[in-house]
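Student: build me a model from this:
(one chain, ligands or ions: 1)
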Amino acid sequence: MSNIIYALENSVATITLNRPQSLNAFTDEMIRETTEAVNRAARDPAARCIVLTGAGRGFSSGQDLADIKDRGDDFSIGNHLRGGYHRLVKAIMSAEKPVIGAINGAAAGAGCGVALACDFRIASEKAFFMLAFTKIGLIPDSGVNWLLPRLIGYARAYQMALTAERVSAQTALGWGMVNLVAPEDQFAALVQQTAAQFAQGASLAYGLTKRAMLRGFDQSLEQALDYEAELQDVAGRSADSREGIAAFLEKRAARFTGR
Ligand code: LHQ
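Tutor: Alright, predicted model coming up:
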């Protein structure tokens, strides 16, 4: 894979978008490689947490605009989205393990959408989020219209689309768009420490929780309660649950295996 770097270490799969010369703008190939990498990490039981980040000073500047400029009148952005970004967003959101978006710099356009699809965002103080779409006469895509109002409310989400202004990491923290912010020199350590914590946790329960919460957005209370009980039956029969209860009663730290 030429546009991303994939590394598995200490149960953490790290996927680094690697076109720093364009702040990791997405070409078709990079979208495909990133999606394949997320699916690979999602399937690999040895990967218990996924980190998605960018090389250089950007997370991702979204669609590579140079790459699509000469595609002619027959180019359908809708089909481009369906065959590309939609698969990536769904791969991230259906991976039954925590996906950390390590937002090292600019997250613009579809790059913002990909960041929002992650479960837990850690931003460097120099990072910013930007719905650049309207600057080029487009509407937000890559799941932004679904994800962002749920995260920060319609008023702020629509404001971001209207102004296309940079939203700093600190503002994003206050708005509930990111979970943690770190000064640039402490960012990598915080990402590593958080990923290690998640990778040693009750991975099966983490995955089922993600499924229950995301499914809950489209369910009635009745359906959500039923689904929750169904999944809790699965979690309740897991080795991690037995270990967690035993560890509590024996007053020791639990040793979770993710099963
Ligand atoms: C880029 C890009 C870029 C190419 C920086 N492409 N080269 C989906 C489907 C189909 C159609 C269209 O859209 C979509 C969804 C979308 O993602 S639409 C939104 C696309 N993204 C944008 O409009 C953002 C464009 N980039 C920017 O506004 C700025 O680069 C930001 C604000 C992200 C960062 O600004 P600066 O820190 O000042 O960096 P820069 O602008 O100087 O960029 C550095 C280099 O990266 C530069 O190249 P150069 O050769 O001059 O050093 C840029 O041309 C290149 N670059 N984004 N999306």
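
Student: who's in contact with G113?
Tutor: 62, 85, 89, 140-144, 147 (C-beta atoms under 8 Å, 6 or more residues apart in numbering). Placement of C-beta: from N, CA and C, glycine included.

Student: mind pulling up the pLDDT for the closest residue to it other than its chain neighbours?
Tutor: Spatially, and ignoring its direct neighbours in sequence, G113 is nearest to S142 (2.9 Å; C-beta to C-beta, 6 or more residues apart in numbering). Reading off the confidence values, S142 has pLDDT 98.

Student: which residues touch the residue nearest to Q200 when sequence neighbours are not counted?
Tutor: Spatial nearest neighbour of Q200, chain neighbours left out: F256 (6.4 Å); criterion: C-beta to C-beta, 6+ apart. Shown in contact with F256 (C-beta under 8 Å, 6+ apart): 200-203, 240, 243-244.

Student: next, the buried residues of stretch 203-211.
Tutor: Within stretch 203-211, the residues scored as buried using 16 or more other C-beta atoms under 10 Å are 203-210.

Student: can you check stretch 131-138 too?
Tutor: 131-133.

Student: so which of the residues you listed reach the ligand?
Tutor: Filtering the buried residues of stretch 131-138 for proximity to the ligand by C-beta under 6 Å from any ligand atom leaves 132-133.

Student: what segments of the stretch 151-259 of the chain are helices?
Tutor: Assigned by DSSP state H, counting those that start in this stretch, the helices in the stretch 151-259 of the chain fall at 154-163, 169-175, 184-199, 203-216, 221-236, 239-249.

Student: select, out of the ones you listed, the one closest to G101.
Tutor: Nearest to G101 among those is helix 184-199; the distance by C-beta to C-beta comes to 9.7 Å.

Student: list the buried residues of the closest one.
Tutor: 187, 190-192, 194-196, 198-199.

Student: where along the stretch 1-150 of the chain do the helices fall?
Tutor: Counting by DSSP H, counting those that start in this stretch, the helices of the stretch 1-150 of the chain are 28-43, 65-68, 77-83, 85-94, 110-117, 144-152.

Student: which elements pack onto the last one?
Tutor: By that I understand helix 144-152. On a contact count with 3 or more C-beta pairs under 8 Å, 6 or more residues apart in numbering; DSSP states H and E, helix 144-152 meets helix 110-117, helix 154-163.

Student: which residues does the longest one contact?
Tutor: Around helix 154-163, the neighbours that count as contacts under C-beta under 8 Å, 6+ apart are 129-131, 133-134, 139-140, 144, 148-149, 151, 167, 175.

Student: go with 10 Å
Tutor: Contacts with helix 154-163, where a contact means C-beta atoms under 10 Å, 6 or more residues apart in numbering, come from 112, 129-135, 139-140, 144-145, 147-153, 165-167, 171-172, 175-177.

Student: interface residues of the stretch 51-200 of the chain facing the ligand?
Tutor: For the stretch 51-200 of the chain, the contact set with the ligand under C-beta under 6 Å from any ligand atom comprises 61-66, 68, 77, 80-81, 106, 108-110, 130, 132-133, 135-136, 138, 141.

Student: list the contacts of the nearest residue to E29 once chain neighbours are set aside.
Tutor: Spatially, and ignoring its direct neighbours in sequence, E29 is nearest to N3 (5.7 Å; C-beta to C-beta, 6+ apart). N3 makes contact with 16-19, 24, 26-34, 37, according to C-beta under 10 Å, 6+ apart.
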